[in-house]
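Colleague: I'll drop the sequence and a predicted model, then ask my questions.
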Amino acid sequence: MAPTAAPVLPSGVPPSAWSRDDAESALLTLGIDANAGWAWAIDRAGQGITRSVNGARDAAPVPLLAQPTLVAAASGGQPLYWLTDALGQGVLAHVDSAAGGAPVWLLPFGGAQTIDPARRPLRRIALAYSDADRAIAAAQLADGSVVVLNYTSNSSAAPNSSATPNSSATPTPTLSVTSALNLTTSAAVGAGAVQRLYLTSPGQEVDRLLLSPDGHLLYVLSSSQLSIWRLDAGGARLRQQVALAAAGPLSLFILPAEGALLVRNDAGQLSLWFDVAGDTGPRLTPIFTYNVTLDAGAPGRLCRARFCRDINLV
């Protein structure tokens, strides 16, 4: 199981909200709504925490999933998080700050569910939040297989159940189990439904999983070989396999532009890759190599036009 990396503090979070030492020792992820004046985090106990940026007000912690081993944030930057634990269970938690006052932790897709039928820790996870009623998650199970989960909320159900895992409003379901490759199954999950799609057989070596912000592309990195899966309603197809470098290990980061990746090789060199139209459809293609090197794990500031994002290349 890959260790959980310490969070990179967003540049807008003042020390009075959470110090860097606090964040690195106690928090798994951290976000902020600067306009509303609130920051939020998930701690290592699996609680959702909210705190005013001036440190003057704290809301009561909300239990989300006890002792999570991995936490993934939505790749598009939305405040949706996927927590998974040592028993192969997972839950999607959302921060709602639209109502004013302290942000509220919600479980919009229902309570905790079993992701790995063997009930073992997941190796790697990724998440995309395409719209308010749909989320896409990808995971490498303990046996090495890669599975995609399509979460759909039920608009006829009570809106956004309270984030209390053991409450009657968020029952704990178990996904139906199948071991067949490329077979999709469905199961009710609290306030919605989940479709499960197995992409690969057990035993595959995977170093990184990434989902595009719209949830339509899944990037599976094995050493220096990248497999790109196109995900559509009810199915998936292998769109492309490409060698990103002569050898691994590599670090990847999804850029704001659709179909764009930043790649760091083992020497610390950065290259920019874009989808380029071809006779058989888009093909991921190297566009530019930067005359700069970055140490693994070094935080950076990525800017494109008026969009900036703090990154940690791991």
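Modeller: It's in.

Colleague: can you count the residues close to the nearest residue to Arg283 once chain neighbours are set aside?
Modeller: In space, and not counting its chain neighbours, Arg283 is closest to Val276: 5.6 Å by Cβ to Cβ, 6 or more residues apart in numbering. Every C-beta, even on glycine, is put in place using the N, C-alpha and C of the backbone. Using other Cβ atoms under 10 Å, Val276 is surrounded by 12 other residues.

Colleague: next one: phi and psi at Val276?
Modeller: phi -120, psi 130 (degrees, to the nearest 10).

Colleague: hang on, isn't it packed against Pro282?
Modeller: Yes - at 6.8 Å, Val276 counts as touching Pro282 under the criterion of Cβ atoms under 8 Å.

Colleague: how far away is the residue nearest to Arg283 from Ser153?
Modeller: 35 Å (Cβ to Cβ, to the nearest Å).

Colleague: what's the answer for Val147, then?
Modeller: 20 Å.

Colleague: between the two, point out the one with more neighbours.
Modeller: Ranked by neighbour count (other Cβ under 10 Å), Val147 and Ser153 place Ser153 first, with 22 against 18.

Colleague: what bridges to that one?
Modeller: Gly192 (DSSP bridges).

Colleague: equivalent analysis for Gln89, please.
Modeller: Thr114.

Colleague: okay, now the unreliable bits of the stretch 1-150 of the chain?
Modeller: The stretch 1-150 of the chain contains residues with pLDDT under 70 at 1-25, 56, 98-100.

Colleague: quick one, grab the pLDDT at the residue located most distally from the centre of the chain.
Modeller: Going by Cα atoms, centre = their mean, the residue of the chain most distant from its centre is Asp279, 32.0 Å out. If you check Asp279, the pLDDT there is 89.

Colleague: confirm it sits in a strand?
Modeller: No - with DSSP: H, G, I helix; E, B strand; the rest coil as the criterion, Asp279 is assigned coil and is not in a strand.

Colleague: quick one: it from Ala45, how far?
Modeller: For Asp279 relative to Ala45 (Cβ to Cβ), the value is 53 Å.

Colleague: quick one: the helices in the chain?
Modeller: 20-26 (DSSP state H).

Colleague: hey, which strand is longest across it?
Modeller: strand 283-293 (DSSP state E).

Colleague: parallel or antiparallel, list what pairs with that one.
Modeller: In the sheet, strand 283-293 lines up with strand 269-276 (antiparallel) (DSSP bridges).

Colleague: I'd like the mean pLDDT over the partner strand, please.
Modeller: 92.

Colleague: tell me the buried residues in it?
Modeller: In terms of neighbour count (16 or more other Cβ atoms under 10 Å), strand 269-276 has its buried residues at 270-275.

Colleague: extract the CA atoms of it and return them as PDB.
Modeller: Only the C-alpha atoms of strand 269-276 are listed here, as PDB (Å, rounded to 0.1, in the frame of the first residue of the first chain):
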ATOM      1  CA  GLN A 269      12.900  17.000 -16.100                       C
ATOM      2  CA  LEU A 270       9.400  18.200 -16.900                       C
ATOM      3  CA  SER A 271       7.600  17.600 -20.200                       C
ATOM      4  CA  LEU A 272       4.200  18.800 -21.400                       C
ATOM      5  CA  TRP A 273       1.900  16.300 -23.200                       C
ATOM      6  CA  PHE A 274      -1.400  17.200 -25.000                       C
ATOM      7  CA  ASP A 275      -4.000  15.200 -26.900                       C
ATOM      8  CA  VAL A 276      -3.500  15.800 -30.600                       C
END
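
Colleague: chain center to that strand, what's the gap?
Modeller: Relative to its chain's centre, strand 269-276 lies at 21 Å (Cα atoms, centre = their mean, to the nearest Å).
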